[in-house]
Structure formats: C-alpha cells, structure tokens
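Asker: how does the following fold in three dimensions:
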Amino acid sequence: MVKRIFDIIFSILGLIITLPIFVLIAIWITIDSKGGVFYSQERIGKDFKPFKLYKFRSMVKGADKKGMLTVGEKDTRITPSGYFIRKYKLDELAQLINVLKGDMSLVGPRPEVKKYVDLYNDEQKKVLSVKPGITDYASIEYYNENEILEKSSEPEKMYIEEIMPHKLNLNLKYIKEQSLLTDFKIILKTIKKIIIRN
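Answerer: Residues are numbered from 1 along each chain as shown. Sure, this is the predicted structure:
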C-alpha cells in the first residue's frame, strides 16, 4: 500500500514536471515520421496479467513485425527523433502513465513480452509475483543492451540464453531486497547512469 502511494505521488509529480518535455517530444515525433506519438505493446505483468506498456514511438510504424529486439543504435527501424529519445531514455517517460494506472511501479522487474515469458522456468516465474517497473537492477546493468546484442551474430539466441537469465537473477535479487529505500537507491543509480553515459 505504501509503495502504491509512493508510485501515485511520484508518477503525478513526474508527469507534471516532464509535461513540457512530453509536448516537445510529441511534436518532434509527429514531424519526424508517420505514425502515432505513442507506441504500445502487450507485456506480461504481475500474476501473468497482460497489459499495454506505453512508450514514445522511436521506430517506424510496424517495426515490431520485423522482430521484437532492437539490435544496436543503428537499427534501420529507428527514426532520427527515436535515436535521440532512446539515447536519453526519454521514450520510457510515457510509462509514468502505466504507473499512474497501476499496471507498473516506478521500480520493479522490467516487463517482458509473452514470447519470452513463456520460456521462464518455475524459479524465474517468481518475478511475476510483483508489479513490473520502469527501472530495476537489470535496467542499470544492461543499459547498453542494444550495443551488446549488436556484436552478436545471433542476437536473439544471445538474449534468451545469456542476457535474459542474468536479468531475471537480478530481478529475483530485487524481490528479496525490495523496500522504499532500495527503490530510492535504484532510481538515483538510474539517473546517475543516464547522466554518466551521455
């Protein structure tokens, strides 16, 4: 209950503070390429419940039909505005709407698409016992996931066999350690990572 109150307060504050950024991004995306401002994709949330995750659209319309993984910053499906908002993680700001709706928390395991959730073993499925989040330990460690995948000759295989299991272990670590203090630390580490990387 305390975490939900925390999520509501800070998602509202976040939406108010970033409203000018929302407007500028929306205008840029509209001018830059055809398609809507937002992109939504079905992800699997707490207790295996599917929900629509929102992002600012950073790729050409219909890009997900060519694969769900984004490989490298030079993925030809990424738009010029998309390159910028991805670099600074601004596309993720739209998920404050998901937090306000109650689909997600500010901090929690990143939600996956059903295709990959179906591959979880019984232990890994425990990550679905909590609400997914905008950021977590795995988001910080794999901030440059696209660049890692770009170096692989078989990016999806690498993701399934190497990256995903490690991310899920970090998710399970978060579940064991979760508290408001842990959430604050992860949020601060995420902001620091974005600043240092860019």
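Asker: wait, isn't Leu149 in contact with Tyr159?
Answerer: Yes - the criterion here is Cβ atoms under 8 Å, and Leu149 meets it with Tyr159 at 6.4 Å. For every residue, glycine as well, the C-beta is placed using N, CA and C.
Asker: need the three-state assignment for Glu42.
Answerer: strand (DSSP: H, G, I helix; E, B strand; the rest coil).
Asker: just Leu53 next, same as before
Answerer: Per three-state DSSP, Leu53 ends up strand.
Asker: contacts only, for it.
Answerer: Ser40, Gln41, Glu42, Arg43, Gln95, Asn98, Asp103, Met104, Pro111 (Cβ atoms under 8 Å, 6 or more residues apart in numbering).
Asker: look up how far Lys114 lies from it.
Answerer: Leu53 is 12 Å from Lys114, where distance means Cβ to Cβ, to the nearest Å.
Asker: and for these two, which residues touch both?
Answerer: Contacts common to Leu53 and Lys114, judged by Cβ under 8 Å, 6+ apart, are Glu42.
Asker: where does the chain dip in pLDDT?
Answerer: 62-74, 198 (pLDDT under 70).
Asker: where exactly do the strands run in it?
Answerer: 38-44, 50-56, 105-107, 133-135 (DSSP state E).
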